[in-house]
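Asker: based on what follows, work out the 3D shape:
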Amino acid sequence: MKKFLSFLLLNLFSSGFLFSESLFNGENLKGWEMDVPALDKNSNLPRPFAVRDGMLVSLGKPAGHLLTEKEYSNYRLEVEYRFAAKPGNCGILVHASKLRNLYGMYPQSIEVQMNHQHAGDFWCIVEDIRVKDMEKRRGPRKNWGITEGKARRILNLTDGSEKPVGMWNFMNIECRENEIRVWVNGDLVNHGFDCTAKSGKLAIQAEGSEVEIRKLDLRSIKKAD
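Answerer: Residues are numbered from 1 along each chain as shown. The predicted structure is shown next:
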């Protein structure tokens, strides 16, 4: 047994991965916490996140976020998601920190977009990141910014990687030091660098549309291969 464990650890380290864990247990929201501003005024409103048929479901309304209790750095997040009915908007936030730091709603973070036909866009939320061809993908430099009213969206490399509505999409988000890479169904759709954050919580949005998530696995990786 000891030899087997040593062999397993050796292979994990040599492949660049240190360990893996599932962030969702398929039964409840243990390890997560909600931040939903509308609930401050009316605690009787429905919660926008639920567990259904072994899946984590973002119901879309009221708007808010589901955040991990822990903070993470240097990892690859593997997500399987789908819009089960009407497609719309959602997102995964990485390096999330200060709550309600934009429009009284969004935590300080970098958003990896899941919005239908735009999966893999970056949105800067009081954090910043750079990509190649910045002016082409973010617009005129004079408009760039990370707060309200600024050009915070950075277009992905392709909008053609998503599967039809109702089918499962596979998104990988790799955060390594100050770089973020995103794959959608095997296609590299974004690569950012010089990110202003290297660690923080992970968050799932409730932003208008129902999204089902059946996999949320995190693999810790070495700082450099």
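
Asker: for the rest of this, base every contact and every neighbour count on C-alpha atoms.
Answerer: Fine.

Asker: poorly predicted segments of this structure, please.
Answerer: 1-18, 223-225 (pLDDT under 70).

Asker: which SS class is the residue nearest the centre of it?
Answerer: By CA atoms, centre = their mean, the chain has its centre lying nearest to Ile92, at 2.3 Å. What DSSP: H, G, I helix; E, B strand; the rest coil gives for Ile92 is strand.

Asker: so it makes contact with Gln205?
Answerer: Yes. Counting by CA atoms under 8 Å, Gln205 is a contact partner of Ile92 at 6.5 Å.

Asker: what does the strand ranked longest in the chain rub up against?
Answerer: When the chain is parsed with DSSP state E, its longest strand is strand 211-221. Strand 211-221 is contacted from outside by 16-24, 26, 54-60, 73-84, 90, 176, using CA atoms under 8 Å, 6 or more residues apart in numbering.

Asker: so the nearest residue to Glu174 once chain neighbours are set aside: helix, strand or coil?
Answerer: Spatial nearest neighbour of Glu174, excluding adjacent residues (CA to CA, 6 or more residues apart in numbering): Arg76 at 4.2 Å. State at Arg76, reduced to three classes by three-state DSSP: strand.

Asker: tally up the residues packed near Arg76, please.
Answerer: Residues contacting Arg76 under the criterion other CA atoms under 10 Å number 21.

Asker: ok, now Asp128?
Answerer: When neighbours are counted by other CA under 10 Å, Asp128 comes out with 20.

Asker: for Asp217, see how far away it is.
Answerer: 25 Å (CA to CA, to the nearest Å).

Asker: list the strands paired with the helix or strand harbouring Gln205, with their directions.
Answerer: If you go by DSSP states H and E, Gln205 is part of strand 199-206. Strand pairing for strand 199-206, using DSSP bridges, gives strand 64-68 (antiparallel), strand 72-73 (antiparallel), strand 91-96 (antiparallel).

Asker: thinking the residue nearest to Glu174 is in contact with Glu177, fair?
Answerer: No. Between Arg76 and Glu177 there is no contact under CA under 8 Å: 11.7 Å.

Asker: hang on, the earlier thing: so what touches the strand holding Gln205?
Answerer: With CA under 8 Å, 6+ apart, strand 199-206 has contacts from 48-49, 58-74, 90-97.

Asker: going through those, which ones are buried?
Answerer: With burial judged by 16 or more other CA atoms under 10 Å, the buried subset of those is 48-49, 58-68, 72-74, 90-97.

Asker: what's across from the residue nearest to the centre of the chain in the sheet?
Answerer: Val112, Ile204.
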